[in-house]
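Colleague: I'd like to go over a predicted model; first the sequence, then the structure.
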Amino acid sequence: MPRIILGIDSTEVVGGLTAYELKKFEQERSEIYIYDLAVAAAHRRQGIATALIQKLKEVAAAYGAYVIFVQADIGDDPAIKLYTKLGAREDVLHFDIAVNSGNDNA
């Protein structure tokens, strides 16, 4: 089930975060995955993304989650700087597995 946290400035939505709780099979714990995080261009560099993640930390703690994780693309320097400030970097491999379309039996 997704968790959505919004950043609101007066009456305008200026940022948002969507995260999912992923329950582990091999251990009795869960992890929180930040699927999407965005802040309106005019409101960036004001601590909104950090505040959204801080709020998510509170939600994750209430759920008893072990960790929050997020991906950043190489070259997305603002995101990498933000996530480096808030957490520990791990270098991992990411694989996209195509979904068969049509009536393939494979």
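Modeller: Perfect, thanks for sending it.

Colleague: residue ranges with poor pLDDT in the protein?
Modeller: Low-confidence regions of the chain, defined by pLDDT under 70, span residues 1-8, 102-106.

Colleague: now do the SS call for the most centrally placed residue in it.
Modeller: Among the residues of the chain, residue 34 comes closest to the average C-alpha position under C-alpha atoms, centre = their mean, at 1.4 Å. Counting by DSSP: H, G, I helix; E, B strand; the rest coil, the backbone at residue 34 sits in strand.

Colleague: distance of it from residue 47?
Modeller: As judged by C-beta to C-beta, to the nearest Å, residue 34 and residue 47 stand 17 Å apart. (Glycine included, C-beta is placed from N, CA and C.)

Colleague: cool, residue 10 as well?
Modeller: From residue 10 to residue 47 the distance is 16 Å (C-beta to C-beta).

Colleague: which of the two has more neighbours?
Modeller: Set residue 10 next to residue 47 and count neighbours by other C-beta atoms under 10 Å: residue 47 wins out with 12 against 5.

Colleague: next, give phi and psi for that one.
Modeller: Backbone torsions of residue 47, given as degrees, to the nearest 10, read phi 90, psi 10.

Colleague: what about the residue nearest to residue 42 when sequence neighbours are not counted, how many neighbours?
Modeller: Distances taken as C-beta to C-beta, 6 or more residues apart in numbering place residue 14 nearest to residue 42, at 7.8 Å, with adjacent residues excluded. Residues lying near residue 14 (other C-beta under 10 Å) number 18.
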